[in-house]
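Enquirer: Just a sequence and a predicted model for now, questions to come.
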Amino acid sequence: MSYLPAAPSARRPEAATLVLLASLYCAQGLPSGLLAHALPALLRQQGVDLAIIGLLKLLALPWMLKVLWAPWVDRLGSQRLGHHRGWILPLQGLMLCLVGGLALLAPEQLFGAQLPLLLGILLLVNLAAATQDVATDGLAVRLLPERWRGLGNSLQVGGYKVGMLVSGSGLLLVIDRLGWNLSLGLLALLLGLTILPIGLFRERERLPRRTVLVESAGPGLLIRHYRGLLMRPGMLAWLGVLVSFKLGDALSSPMIKPMLVDQGWSNAALGQLTLISSLAGILGALLGGLLYSRLGALRALLLFGLLQALGIAAMTALDQAWSSPAWVYPVALFEQAADGMSSVALFAVMMNQCRPEHEGADFTLQACVQLLLAGLVGAASGVLAKWLGYSGLFGCAGVLGLAALAVVRSYYRKPGG
């Protein structure tokens, strides 16, 4: 039998809390950027087959499958370290050791005869990072009062993107000068620095003691846990918001770079656009978090969702005569900033749906539903672009973004919404 813990103070979170959350989410982004951005280019430079490079996506499966073990992360914990620290500290230590181990190995061997070892290590890194994410989300929900969850999710979105930029674009910028071993060593050092805030955090003093749950932690926990979440009043209606709110973004995002490639943009130009637009996304996330505390959940979802839909719809103009950087940059930066703001609002409301003592798994289920849908819709975006053309695709995606606002409004009109 769980209990409702004392609500955290509604005053603004302390600076130490913000640094803690930013460091934890940045730690997740560091290995993700290495896998998503840096390694495909490095492997291709070493002549690795494209089919194998494509399989790198499978190494991110733990982020999708973490929903299967998330209830145990909520259920089991360390009495000595604290429930969340008992998961986060060992997992970040494992990531540090694995990345540090890669820094000690010769790249010629890793990209050649030892490629299976490299892929295995990266799979373990993703497994540790995905599980750390469950514990971190649970910690964030418990630390942040509802009013400041927008700011907390600014740190989630921004910290993760900063980590990805450092280990993706940043690594590619320095690796030719510093070499594989020193570059990976610096990445391991950054991971080590992200451990310091959680190491200094006194969880048992800052958070109410968790009640020992009498329910069994056996195999049936998975079904009982998520059935309990889905049976909550209004939860099915909330899932409607969850699956529709980012639908337009999921449909349009995969086709932005192919459209620009077809218009003659070089890899260097695309890389620069990606870097600058990512920074705009981080700033948008920070602004969205600050505004969320003033607007509240409903108005934040409606306003940021509207900006997101307008940013997507504006992409239709770039498929016409306006394909020069003078037009592409303002539209791309606006779209990324709106995406950061809308993501923050959605994640903040997702936190509000979490039950006491089940925060990590409840948030994980919602995130995985949204991620799975984005993957399925994104996989169909290429087929729709061939059928409708880029302008037709972006136009339809913008309409879907506007339609999602009606779903949001309908949800909040219902009792309990």
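Expert: Sure thing, it's come through.
Enquirer: Following element in sequence after the helix or strand of the chain with the lowest mean pLDDT, please.
Expert: Of all the helices and strands that make up the chain, helix 50-54 has the lowest average by mean pLDDT, DSSP states H and E, namely a mean of 73. As assigned by DSSP states H and E, the chain's next helix or strand after helix 50-54 is helix 61-65.
Enquirer: residues near I53, how many?
Expert: 15 (other Cβ atoms under 10 Å). (Glycine included, C-beta is placed from N, CA and C.)
Enquirer: contacting residues around it?
Expert: Residues counted as contacts of I53 (Cβ atoms under 8 Å, 6 or more residues apart in numbering) are 40, 43-44.
Enquirer: Tell me the one of those nearest A15?
Expert: The closest of those to A15 turns out to be P40 (Cβ to Cβ; 37.3 Å).
Enquirer: How confident was the prediction at the closest one?
Expert: With respect to pLDDT, P40 scores 81.
Enquirer: Use 441 as the first number from now on
Expert: Noted, 441 is the first residue going forward, which turns the last one into P480.
Enquirer: Please identify which helix or strand holds it.
Expert: Using DSSP H and E, the element containing P480 is helix 479-485.
Enquirer: For that helix, buried residues please.
Expert: By neighbour count with 16 or more other Cβ atoms under 10 Å, helix 479-485 contains the buried residues 479-480, 482-483.
Enquirer: got a markdown table for those, with distance to R589 too?
Expert: Shown next, in a markdown table, are those (distance: Cβ to Cβ, whole Å):
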| residue | distance to R589 |
| --- | --- |
| L479 | 33 |
| P480 | 34 |
| L482 | 38 |
| L483 | 39 |
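Enquirer: just those residues now: which is nearest A628?
Expert: Closest approach between the buried residues of helix 479-485 and A628, by Cβ to Cβ: L479, at 15.6 Å.
Enquirer: which residues touch A814?
Expert: Contacts for A814 (Cβ under 8 Å, 6+ apart) come out as 686, 689-690.
Enquirer: Quick one, which of those are buried?
Expert: Among the contacts of A814, those classed as buried by 16+ other Cβ under 10 Å are 686, 689-690.
Enquirer: And the helix or strand encompassing L529, how far out from the chain middle?
Expert: Using DSSP H and E, L529 sits within helix 525-543. Distance, stretch centre to chain centre, for helix 525-543: 19 Å (Cα atoms, centre = their mean, to the nearest Å).
Enquirer: List the buried residues in that helix.
Expert: 525-529, 531-532, 534-540, 542-543.
Enquirer: for the closest residue in space to Y732 that isn't next to it in sequence, what are its contacts?
Expert: Of all residues not flanking Y732 in the chain, G590 sits nearest, at 2.5 Å (Cβ to Cβ, 6 or more residues apart in numbering). Residues in contact with G590 (Cβ under 8 Å, 6+ apart) are 728-733, 740, 784-785, 788.
Enquirer: quick one on the thing from earlier: okay if I get the contacts of A814 as a markdown table plus secondary structure?
Expert: Below are the contacts of A814 laid out as a markdown table (DSSP: H, G, I helix; E, B strand; the rest coil):
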| residue | secondary structure |
| --- | --- |
| K686 | coil |
| D689 | helix |
| A690 | helix |
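Enquirer: any chance of those residues in JSON lines, with distance to L458 and pLDDT too?
Expert: As requested, the contacts of A814 are arranged in JSON lines below (distance: Cβ to Cβ, whole Å; pLDDT from 0 to 100):
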{"residue": "K686", "distance to L458": "25", "pLDDT": "91"}
{"residue": "D689", "distance to L458": "27", "pLDDT": "89"}
{"residue": "A690", "distance to L458": "29", "pLDDT": "86"}
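Enquirer: Need the residues you listed in TSV (columns: distance to W620).
Expert: Formatted as TSV, these follow (distance: Cβ to Cβ, whole Å):
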residue	distance to W620
K686	36
D689	35
A690	34
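Enquirer: of those residues, closest to Q806?
Expert: Nearest to Q806 among the contacts of A814, with distances taken as Cβ to Cβ, is K686, at 11.8 Å.
Enquirer: what's the closest one sitting at in phi/psi?
Expert: Main-chain dihedrals, K686, degrees, to the nearest 10: phi -110, psi 20.
Enquirer: wait, it sits on A785?
Expert: No. Using Cβ atoms under 8 Å, K686 makes no contact with A785, being 10.9 Å away.
Enquirer: Flag the shaky bits of this structure, pLDDT-wise.
Expert: Scanning the chain for pLDDT under 70 picks out the ranges 441-453, 490, 648-659, 707, 760-763, 855-857.
Enquirer: which residues in the stretch 591-740 of the chain form strands?
Expert: Read by DSSP state E, counting those that start in this stretch, the stretch 591-740 of the chain holds no strands at all.
Enquirer: now the helices for it?
Expert: Remark: helices assigned in the stretch 591-740 of the chain by DSSP state H, counting those that start in this stretch are 611-640, 643-646, 661-670, 675-685, 687-692, 696-702, 707-735, 737-758.
Enquirer: Tell me which of those lies nearest to L773.
Expert: Shortest distance between L773 and the helices of the stretch 591-740 of the chain, using Cβ to Cβ, is found for helix 707-735: 4.2 Å.
Enquirer: per-domain residue ranges of the protein.
Expert: Listed domain ranges for the chain are 455-642, 661-853 (source: automatic domain parsing).
Enquirer: and the longest one, how far from the chain's centre?
Expert: Distance of domain 661-853 from its chain centroid, counting by Cα atoms, centre = their mean, is 12 Å.
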